[in-house]
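Asker: coords please:
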Amino acid sequence: MPEPKKLAMLTGGGDCPGLNAVIRAAVMTARNYGWEVYGVRNGFAGLLRVDVLRLSREKVKGILHTGGTILGSTNKVDPFAVKAGTQVDDQSDLVIENFRNEGFEALITIGGDGTQNIAYKFLKRGIPVVGVPKTIDNDVSATEVTFGFDTAVATATDALDKLHPTAESHQRVMVVEVMGRNAGWIALHSGIAGGADVILIPEIPFDIDKVCAKVRVRYEMGRNFAIIVVAEGALPTGGEFKGQLEDRRHEATESSLCNRIAQYIRRDTGHDVRAIVLGHLQRGGSPTTYDRLLGSRYGAAAVRLVRDGQFGKMVALRGGEIVAVDLHDAIERMKAVPVVSDIVQTARDLGIAFGD
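Answerer: You can find the predicted model right below:
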């Protein structure tokens, strides 16, 4: 039996379905070893002001199927650059001091590239760190899938399923914006599964006139509606739309990408167009079976890495198995959608346009 340890665990960045599954699995695995686990509230902010709670089996009872995180989370606190008025202070020494004063022997960080970048800095400062990859965007390198992605795609696909009949009934074009600032995984997967006609992703710059042409062709063929899925980070060729938008009825939201696209299509084709931003709906809800299982595997594996002294590692899914990868390799680059890939080609074979 490994020597008793005192672990700290935090969730950082945006929340996503499956976080509680990871927390639960990590706590139950650690308790099997006789270790104590403490949850750090609200990401690294909890280590700045020592806001922690002891996590027992009772504390994690009944959280497997719930969304969000019982520990709270934030993407606004970086101990290496804490904003105080107009000043930016490095308070990382305080985090290290608090970590050691509390007697913690390891830190499990559950988060995306931002959280893991901070964790890597603390690793270099001597804190034993193990990472768990989390993001609905699925853009963390070194792992095939991040938990939360499957649920987000299911949410987006369900929304597309609901929009199809109303689009067809009113002969409308529906422009649906999903999350994906730097990578188009959600848009691509939900767009194919939800029967979209156009998918716009950051990896493939689009020509708005070609998007309009696709819409016109559908109407000419008698398919008097269209579904367009847009990743929030999609970019037009050259970075900007051609010409000026004249419709100012949505002044408060006109900067939203899908609203700008909708206005352009409305003006260019004359069809009735609606813009829908799914936004944080994709972060909420109960995790899918896949995300519950993957999150549980990640949480248990993270504790095993602590047991084996494999610090500076991140758990990852490769070839269906959970493996340990170097934390530095995981954050070195973002995982973008390969533009030459089976899934992109499948979309094209199905007649889905990318506006290129």
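Asker: Tell me how far stretch 185-196 lies from the chain's centre.
Answerer: Mean-position distance between stretch 185-196 and its chain equals 15 Å (CA atoms, centre = their mean, to the nearest Å).
Asker: which helix of the protein spans the most residues?
Answerer: helix 149-170 (DSSP state H).
Asker: and that one, what does it pack onto?
Answerer: Here helix 149-170 touches strand 173-178, helix 185-193, strand 226-231, helix 289-307, going by 3 or more CB pairs under 8 Å, 6 or more residues apart in numbering; DSSP states H and E. All C-beta spots, glycine's among them, are computed from the backbone N, C-alpha and C.
Asker: I'd like to know the average pLDDT value across the first one.
Answerer: So that's strand 173-178. In this model, strand 173-178 has an average pLDDT of 95.
Asker: circling back to that earlier point, go through the helices and strands packed on helix 149-170 and name the closest to G355.
Answerer: strand 226-231 (9.1 Å; CB to CB).
Asker: got any ranges where this structure has weak pLDDT?
Answerer: Within the chain, the set of residues satisfying pLDDT under 70 comprises 1-3, 240-255.
Asker: before we move on, back to that, quick one: the helices and strands packed on helix 149-170 as JSON lines, columns for mean neighbour count too.
Answerer: As requested, these are exported to JSON lines (neighbours: other CB atoms under 10 Å):
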{"stretch": "strand 173-178", "mean neighbour count": "28"}
{"stretch": "helix 185-193", "mean neighbour count": "25"}
{"stretch": "strand 226-231", "mean neighbour count": "28"}
{"stretch": "helix 289-307", "mean neighbour count": "22"}
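Asker: For the chain, which segments count as helices?
Answerer: Under DSSP H, the chain gives helices at 19-32, 45-48, 92-101, 113-124, 149-170, 185-193, 208-220, 257-269, 289-307, 327-331, 342-349.
Asker: which residues touch the residue nearest to R181 when sequence neighbours are not counted?
Answerer: Excluding the flanking residues, the one nearest R181 by CB to CB, 6 or more residues apart in numbering is G233, at 4.1 Å. Contact partners of G233, counting by CB atoms under 8 Å, 6 or more residues apart in numbering, are G180, R181, N182, A183, G184, P202.
Asker: let's see it at 7 Å
Answerer: Each residue near G233 by CB atoms under 7 Å, 6 or more residues apart in numbering is listed here: G180, R181, N182, P202.
Asker: of the residues you listed, buried ones?
Answerer: Neighbour-count burial within the contacts of G233 applies to G180, P202; the criterion is 16 or more other CB atoms under 10 Å.
Asker: Pick the one among the contacts of G233 closest to T11.
Answerer: When the contacts of G233 are compared for distance to T11, the smallest value, 19.7 Å, is given by R181; criterion: CB to CB.
Asker: I'd guessed the closest one sits against E232; true?
Answerer: Yes - contact status for R181 versus E232: in contact at 5.6 Å, counting by CB atoms under 7 Å.
Asker: what sits in contact with each of those two?
Answerer: Shared contacts of R181 and E232, defined by CB under 7 Å, 6+ apart, are absent.
Asker: quick revisit: closest to Q91 out of the helices and strands packed on helix 149-170?
Answerer: The stretch from those with the least distance to Q91 (CB to CB) is helix 289-307; that distance is 25.4 Å.
Asker: What residues sit buried inside stretch 195-202?
Answerer: Buried positions in stretch 195-202, judged by neighbour count with 16+ other CB under 10 Å: A196, D197, V198, I199, L200, I201, P202.
Asker: Kindly check the end-to-end length of that stretch for me.
Answerer: End-to-end distance for stretch 195-202: 20 Å, by CA to CA, to the nearest Å.
Asker: List of residues touching it?
Answerer: Where contact means CB under 7 Å, 6+ apart, the residues beyond stretch 195-202 that reach it are 160, 164, 180, 182-184, 187-188, 191, 206, 211, 214, 218, 226-231, 233-235, 337, 347, 352-355.
Asker: Kindly recompute the last result at 6 Å.
Answerer: Outside of stretch 195-202, the residues within contact range by CB atoms under 6 Å, 6 or more residues apart in numbering are 182, 184, 187-188, 191, 206, 211, 214, 226-231, 233-234, 352-353, 355.
Asker: Over to stretch 214-228?
Answerer: When contacts are taken as CB under 6 Å, 6+ apart, the neighbours of stretch 214-228 outside the stretch itself are A167, E168, Q171, R172, V173, M174, V175, A196, D197, V198, T269, A353.
Asker: ok, those vs N259, which is closest?
Answerer: Using CB to CB, the contacts of stretch 214-228 come closest to N259 at V175, 8.0 Å.
Asker: List phi and psi for Q91.
Answerer: In terms of degrees, to the nearest 10, the main-chain angles of Q91 are phi -110, psi 20.
Asker: Just confirm T146 contacts T135, I think it does.
Answerer: Yes - counting by CB atoms under 6 Å, T146 sits close enough to T135 to count as a contact (5.0 Å).
Asker: neighbour count winner among these two?
Answerer: Using other CB atoms under 10 Å, the more surrounded residue of T146 and T135 is T146, with 27 against 24.
Asker: I'd like the distance between that one and G43.
Answerer: Separation of T146 from G43 (CB to CB, to the nearest Å): 17 Å.
Asker: Please apply the same query to I201.
Answerer: With the distance defined as CB to CB, I201 ends up 29 Å from G43.
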